[in-house]
Structures are given as structure tokens and as C-alpha cells.
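*Asks:* Give the three-dimensional model of this entry:
(one chain, ligands or ions: 1)
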Amino acid sequence: MAQVTLSRITKRYPGSDTPAVDDVSMTIPKGSFTTLLGPSGCGKSSTLRIVAGLSKPDFGTLQMDGRDITHLSAAKRNIGMVFQSLALFPHMTVAQNVAFGLEMRGMGRSEREAKVARALDIVELGHLAARHPHQLSGGQQQRVALARALVVEPSILILDEPFSALDRKLRETMQIELYRITRELGITAMFVTHDQEEALTLSDSIVVMNQGRIEQQGTPREIYGAPRTRFTAEFMGLSNFLPARCSSGALSFEGLTTARPETLEAEGDCTVALRPEGLSLSSTRPEGAALKGHLAEAIYQGASTAYTLDLPSGRRITARTPDCGLQPGQEAWVSWTPGALHAFAA
Ligand SMILES: Nc1ncnc2c1ncn2[C@@H]1O[C@H](COP(=O)(O)OP(=O)(O)OP(=O)(O)O)[C@@H](O)[C@H]1O
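*Replies:* Numbers count the residues shown, from 1 in each chain. All right, here's what the predicted structure looks like:
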């Protein structure tokens, strides 16, 4: 397994005004699972393709364990790849599919068979080695693709939205499988997704990308718990953005002054975001910080109800809580758990 370092990687496709990858630098430590997360078109796949050697950067360098591999061909990079669209050979059995890369490297039969058996064991498909791809479920096929990428003992495993074609339940099962396998084998992995929950579940480190640039990089806890920009906050499910001011120890918004969150680095104008799931409503004033509003709407959604409140400033916020019996037209107080309030520079 290897450490991979991207330094100032930039890529502009012909005919495009803006770079698809714009001055991206990051290190994927040995044995770490790093996820590129961001909306469609933000440059995740382009970055991954450059690491894989399938595309050349216009500028910047790529290193593997300190060695410059910017101009090394894909075949010589020892990278295992799994993509959304499977490329299993339909006329070959599961075992033959997994063995293909080893055969290409000229490995002898007995060594090959031992490695294939081990790779199929890892993805728990040893019993289906003789089947053909069309005799497998979507999840099993994706596990064959994973075994095929692992069998060559890659320096880095690259996965581009590998589970996006699977239904939700299967996707969750595959995420847990992938987590187990990568941690057991100590694999260096680079994963691409636009699904924030998937990124939180799998990653040691998340790189949030926006328009070809890195918006924020950190552990899942840092990205979810302390987003530094509105873009990251919105992408991680935050809403209810309110203008605020921050001075040394205090944060003021909507006529309320409360303690300044530790994670806020800015002074002066800033934005407060309240996570809808961390809010609760009551008809009487609760202890501690709370905002009073007019309940405009209550939409029952099963496990929770989405309440829309109009604040005296005219701004609207949404709270998602178990049904609390309050009705539209009533006055309500909204309070929050400590982790539900975030603030960042405006
Ligand atoms: N071969 C290409 N030629 C021209 N433009 C391209 C090419 N590939 C990607 N782009 C453009 O580069 C930008 C980044 O694309 P990229 O596929 O890296 O994004 P992404 O974040 O992986 O998106 P998605 O989640 O939709 O796959 C987009 O604006 C895209 O249209």
C-alpha cells in the first residue's frame, strides 16, 4: 500500500472556460480511506482519473510514496479500480474474471488460483466462483469487480460511485462490506461519491469539492460537525441560514445573543445554520437560548413532522421533530441541541 500526494493538480478540458480540476492538493495517507464528495460536475471523477493515469493533468504533480508518477502510464501504477458501470466479461466465470489481471501479468496457474480463491473469500463469493456474471445479483457482480481490483494487490484502490446503481438496502450492505474489507487489509483507497451519508460511513477523510476546488477537507466528524463554509454546510444537510454577528465571546442573531461556538474562527459578519433535526418546539419558553416564531405549516412525515416557523424578522426556519401537537397559527418557541447550531464566516 502506498501514500499518494497530489500537488496543485489542474485540468481544463478543450473548449471549456473553467478548469474541471483547479489547483487541487491533497495527501492520501497510506492505509487511509479518502472520499471525494461533491455535487455532479464538481471535478471528482476528473481528479480520480488523473490519479488512475487515465487522464493527464495540465499542471501539477502526482507522487506515490515520494516517487513522481505524473507521467507514468496507468498500467505501471499498480492501481485497482472499481467503477459504477461494471466491466465484467460476460463469457467468463467469476473466477476467470478475477484471474484476468493476474494472467495479464503472466502469473503462473497455481499462484493465480490461490490468489483468486483468497480474493473471492474476502468478498465472500468463493461458493459462486464457477458462475457467470448474468447468474449473479447486482451486489454480487459489484463484489466480483471488487475482488478483481483487490487480487492484484494494488498500491491504491480507486472506486468511482461503485454502488450508485444498487438499491438503497444493498448499497448500505455493500458499504459495510467495503468498510470491513478495506480496514482488514489496511488498503489505501480513494472513493468518489455525491452521497454524504455514504461518505460519512466509509471515510477516514472527506474532501468536499466545489467547482473543481477543494472546499474543505477533514474527518467525517469535522466535515459534519464543523463545516467551515455555507457550501459544505448545505451539502452536509444543514439549512436554516440566518445572518449573524460575532464578537469575541458572543454570537448574535435574530435579536438573540448566545455563546460563540468554539469552531467559529471569524469575527464580525457571519452566518448561523441550524440543523432541522436538532431543533425542538414548545408552546412555553424553554430554558436557555430559544427563538419565538409563528407556526406556519406542519407536515407529517412519519418518524418526524416538518414544522415551518416565521420569525419576527420575516425569515423562515424549519424544524424536523417528532410530532409535538402544535398546530399552524400557534406561537411556538424553538430551541436546539448544542450540536445543531453552526456558524461560519459570511
Ligand atoms: N471528457 C471531457 N470533456 C470535456 N469536459 C469534461 C469531460 N469530462 C468531464 N468534463 C467536465 O468537467 C467537469 C467535471 O466533471 P467530472 O466528471 O470530473 O465531475 P464529477 O464531480 O465527477 O461529476 P459526476 O458526479 O456527475 O460524475 C464537468 O463540468 C464536466 O462537464
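
*Asks:* Strands of the stretch 101-250 of the chain, start to end?
*Replies:* Here the stretch 101-250 of the chain has its strands, by DSSP state E, counting those that start in this stretch, at 156-160, 189-193, 205-210, 213-218, 239-246, 250-253.

*Asks:* Pull the residues that contact the third one.
*Replies:* When you say that, I think you mean strand 205-210. 24, 26, 28, 32-39, 42-44, 47, 199-200, 214-220, 223, 231-232, 235 (Cβ atoms under 8 Å, 6 or more residues apart in numbering). For glycine as for every other residue, the C-beta is placed from the backbone atoms N, C-alpha and C.

*Asks:* State the distance from residue 67 to residue 5.
*Replies:* 10 Å (Cβ to Cβ, to the nearest Å).

*Asks:* and these two? which has more neighbours close in?
*Replies:* Set residue 67 next to residue 5 and count neighbours by other Cβ atoms under 10 Å: residue 5 wins out with 18 against 9.

*Asks:* The more buried one belongs to a strand?
*Replies:* Yes. Using DSSP: H, G, I helix; E, B strand; the rest coil, the assignment for residue 5 is a strand.

*Asks:* Thought residue 62 was touching it, still the case?
*Replies:* Yes. Using Cβ atoms under 8 Å, residue 5 is in contact with residue 62, at 7.3 Å.

*Asks:* What lies in contact with stretch 295-315?
*Replies:* By Cβ under 8 Å, 6+ apart, stretch 295-315 touches 242, 254-255, 276-277, 281, 291-294, 316-324, 326-332, 334.

*Asks:* re earlier: restrict the contacts of strand 205-210 to those near the ligand?
*Replies:* 38, 42-44 (Cβ under 6 Å from any ligand atom).

*Asks:* Between which two of those is the distance greatest?
*Replies:* Of all pairs drawn from those, the one with the longest distance (Cβ to Cβ) is 38 and 43, at 7.4 Å.

*Asks:* Looking at the two, which one has more neighbours?
*Replies:* Taking neighbours as other Cβ under 10 Å, residue 38 and residue 43 compare with residue 38 leading, 28 against 24.

*Asks:* What's the separation between the more buried one and residue 232?
*Replies:* Taken as Cβ to Cβ, the span from residue 38 to residue 232 is 10 Å.

*Asks:* Overlap in contacts, the two.
*Replies:* Both residue 38 and residue 232 are in contact with 208, 215, where contact means Cβ under 8 Å, 6+ apart.
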